[in-house]
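**Student:** Below is the sequence, then the predicted model.
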Number of protein chains: 4
Amino acid sequence: MGRIAVIYDSLTGNTRQMAELVAEGARRLPAMEVSVRGIEDSDAAEIARVADGIALGSPTNLGVMSWRMKRFWDEQMAPHWMSIDGKIGCSFSSAGAWGGGSEITCQALNTILMNFGFLVFGLTDYVGKASSAHYGAIAVREPREEDVRESCRKLGERLSEWVGAFIDRDPALHPLVREPGRKRPGS
Amino acid sequence: MGRIAVIYDSLTGNTRQMAELVAEGARRLPAMEVSVRGIEDSDAAEIARVADGIALGSPTNLGVMSWRMKRFWDEQMAPHWMSIDGKIGCSFSSAGAWGGGSEITCQALNTILMNFGFLVFGLTDYVGKASSAHYGAIAVREPREEDVRESCRKLGERLSEWVGAFIDRDPALHPLVREPGRKRPGS
Amino acid sequence: MGRIAVIYDSLTGNTRQMAELVAEGARRLPAMEVSVRGIEDSDAAEIARVADGIALGSPTNLGVMSWRMKRFWDEQMAPHWMSIDGKIGCSFSSAGAWGGGSEITCQALNTILMNFGFLVFGLTDYVGKASSAHYGAIAVREPREEDVRESCRKLGERLSEWVGAFIDRDPALHPLVREPGRKRPGS
Amino acid sequence: MGRIAVIYDSLTGNTRQMAELVAEGARRLPAMEVSVRGIEDSDAAEIARVADGIALGSPTNLGVMSWRMKRFWDEQMAPHWMSIDGKIGCSFSSAGAWGGGSEITCQALNTILMNFGFLVFGLTDYVGKASSAHYGAIAVREPREEDVRESCRKLGERLSEWVGAFIDRDPALHPLVREPGRKRPGS
């Protein structure tokens, strides 16, 4: 049974809402045990340490993650560096506006995960006509539009799929097997 | 009289539409001579070489600029490297979806400009409630929504302001002088 | 038997030398079938399509990959988008100098791989005292120093390990199992 | 008289040493008043606020700046957002190894500066045979090698040049005027 951790920081509650949606998507695979933790929760680092896959979310502040999220990795997670390689990782972020740095923040979150030896991914799939999460799921303020909400869920679902296929070694959970009819937009 | 060049690549016409809007914004400062060129125009490299400020636009393809735009800099602009330092630069990109890599593409365009010794900038200002161009102006497909259109124009206007203030040495064109009432969103 | 493809572009031969070292490292796991292709080889796209893991290398040109490498993905690989999710990926690049953009180029290569649904990784491990490949392997000009050469090999070895553990589903090939004594530098 | 602020965070002293070298380079232009502050100095935010140009330095921790540096901008500098546009900015970082994320950290520092409306730059120039600072100056641990030390100084000198040429409006301080003999490496 794969363990998924959704780890987030949130000041306004927007990124927390995204975290809940990512978790909801991850639970689409019943074989997964999904935990959601804010970085201030006392067991957040332990939940992250034992997880097979992590979705990491932060507000976009100045085109980089919040300082609290950075401190979480610099201080609480640092002791585990070099001993937790091989987890699957992905990211999500809420910004104040489109173009406000949410993609760049996801890229920075992915950078941290890679530094810890994670394998990071984004969604190839589009969600709706104008929403995607190629490098992480993004929202403007709270995730209100259904496309944005589904891109969060889809990211969590994909995380469960990769953990299922690669870490639980169940080939039936590979997304190309589960969704053989996936198509390019417009095709 | 400052010279502004808007240099773009476009396959579908979407980024070209953004280029026209950026130019429209740049022309808000009457002292600027504004040229718009596709990279396949025979004089695009020469227009870029002599400009004081460049807005550079490319479609988002795979989270990086188009290969044609890269070739333009690798081949046509390369001979000018080390002899055109000190221009002002900014970027814009159209992607297939929000979250599809347009911010990351702007970052890559900015990287090229920095390599050539440009000083690159984004907009601090929000445009409307949910649009910004902190690291370049972005659009999904064609720039249709008024907020997105204005973020392109505003980027061009800011380019003219910096060229006016810093290269034409007219302190009255500094945005903090031209728009003293600028405010933080929500304040 | 896992299939590893080392796909590179090289003008001067420097990135090609890195590619050979990455392949040498990948072959440290005898269960892997390792192919090395320049992007101008007629079967490069087909080798990339069928691989389980890809190490992607490009010269650093202006802090971004070469336009030829970009064209390879925009044109030759584009038809496979949405049908090759779940490969393991990593990157390498040779620049003209330290600080010349090789890390940023690896990041752009990783961005392309993520767009195609790959899971991308870097090395946690240091190689020697002052060399690492946290986001991809980097070299200045040709990979001459032993630390740099080993960081290329180690990247290839890790690629084989992830393909072995996750795609061939052999838990004995997980790096935390193969190298239980890994330590933090200085500890 | 232009005001240059070198603002840094440093845990081990390595980035502080880089800061001193950047300041040394900035002082090559006698018209500049150069201040160096650690972010824990009580007047660091005020020095940053009134500066015409800022060189911003942080250790590379996980491929991103230190959480302390991020907090400095999130908390101490945030009140000045939207009122300090138009400063010139650049960045520097010390990492544990080549390939350890120092370029990516400079990119993140530049992202913050752009968010605040700064115009950011790197060095076109190579320093010595194998050192550059195209997107910021980088070092491995302490800046010991002369090429690395000079790349820090050169970054500071360039910052003074841009502040002199653009903000103090002295065309004689433009680097293409001061160093007309600049050449491409190898030419």
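**Tutor:** The structure has been received and is ready for your questions.
**Student:** what helix or strand does the residue nearest the centre of chain A sit in?
**Tutor:** Residue closest to the average C-alpha location in chain A (Cα atoms, centre = their mean): A:Ala55, at 2.7 Å. Element membership for A:Ala55, per DSSP states H and E: strand A:53-59.
**Student:** who does that strand pair up with?
**Tutor:** strand A:2-8 (parallel), strand A:88-95 (parallel) (DSSP bridges).
**Student:** Going along the chain, name the helices of chain A.
**Tutor:** A:14-26, A:44-50, A:67-71, A:102-115, A:146-162, A:175-178 (DSSP state H).
**Student:** Pick the most buried one from the ones you listed.
**Tutor:** Most buried of those, by mean neighbour count (mean count of other Cβ atoms under 10 Å in any protein chain shown): helix A:102-115, with a mean of 28. Every residue, glycine included, has its C-beta placed from N, CA and C.
**Student:** ok, now which ones touch A:Val140?
**Tutor:** Residues counted as contacts of A:Val140 (Cβ atoms under 8 Å, 6 or more residues apart in numbering or on different chains) are A:Ser94, A:Ala95, A:Gly96, A:Ala97, A:Trp98, A:Gly100, A:Ser102, A:Val148, B:Ala130.
**Student:** try A:Ser93
**Tutor:** When contacts are counted by Cβ under 8 Å, 6+ apart, A:Ser93 touches A:15, A:18, A:57-60, A:65, A:102, A:105-106, A:109, A:136-139.
**Student:** Mind listing the residues bridging to it?
**Tutor:** A:Ser58, A:Ile138.
**Student:** Can you check the pLDDT for it?
**Tutor:** The model reports A:Ser93 with a pLDDT of 98.
**Student:** pLDDT on stretch A:177-187, on average?
**Tutor:** Mean pLDDT, computed over stretch A:177-187, is 71.
**Student:** now swap in stretch A:5-16 and tell me
**Tutor:** On average, stretch A:5-16 scores 97.
**Student:** One more: stretch A:59-74?
**Tutor:** Taken as a whole, stretch A:59-74 has an average pLDDT of 97.
**Student:** Export only the CA atoms of that stretch, formatted as CSV.
**Tutor:** Extracted C-alpha coordinates of stretch A:59-74, given in CSV (Å, rounded to 0.1, in the frame of the first residue of the first chain):
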residue,chain,number,x,y,z
PRO,A,59,2.1,30.1,-1.8
THR,A,60,4.0,32.0,-4.5
ASN,A,61,5.7,34.8,-2.8
LEU,A,62,8.0,36.8,-5.0
GLY,A,63,8.3,34.0,-7.5
VAL,A,64,9.8,31.6,-4.9
MET,A,65,8.2,29.5,-2.2
SER,A,66,7.4,31.0,1.2
TRP,A,67,10.4,31.3,3.6
ARG,A,68,8.5,29.0,5.9
MET,A,69,8.5,26.2,3.3
LYS,A,70,12.2,26.8,2.6
ARG,A,71,13.0,26.6,6.4
PHE,A,72,11.0,23.3,6.6
TRP,A,73,13.5,21.7,4.1
ASP,A,74,16.6,23.5,5.4
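**Student:** what about chain A, any weak spots by pLDDT?
**Tutor:** Residue ranges of chain A with pLDDT under 70: A:183-187.
**Student:** Residues of it that sit close to chain D?
**Tutor:** A:61-68, A:70-71, A:73-75, A:101, A:104, A:108, A:111-112, A:114-116 (Cβ under 8 Å from any Cβ of the partner chain).
**Student:** Could you rerun that using 7 Å?
**Tutor:** A:61-64, A:66-67, A:70-71, A:73-74, A:101, A:104, A:108, A:111-112, A:115 (Cβ under 7 Å from any Cβ of the partner chain).
**Student:** could the helices of chain A be laid out in TSV, adding distance to C:Glu24?
**Tutor:** Shown next, in TSV, are the helices of chain A (distance: least, Cβ to Cβ, whole Å):
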stretch	distance to C:Glu24
helix A:14-26	39
helix A:44-50	34
helix A:67-71	37
helix A:102-115	23
helix A:146-162	29
helix A:175-178	31
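**Student:** what about those helices, which gets the closest to chain C?
**Tutor:** helix A:102-115 (4.6 Å; Cβ to the nearest Cβ).
**Student:** ok, that closest one near chain C or not?
**Tutor:** Yes: Helix A:102-115 comes into contact with chain C (Cβ under 7 Å from any Cβ), by way of A:Thr111, A:Met114, A:Asn115.
**Student:** Those residues into CSV, with extra columns for distance to C:Arg158?
**Tutor:** Shown next, in CSV, are the residues of helix A:102-115 next to chain C (distance: Cβ to Cβ, whole Å):
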residue, distance to C:Arg158
A:Thr111, 17
A:Met114, 12
A:Asn115, 14
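**Student:** Closest one to A:Gly25 out of these, please.
**Tutor:** Closest to A:Gly25 out of the residues of helix A:102-115 next to chain C is A:Met114 (22.5 Å), distances taken as Cβ to Cβ.
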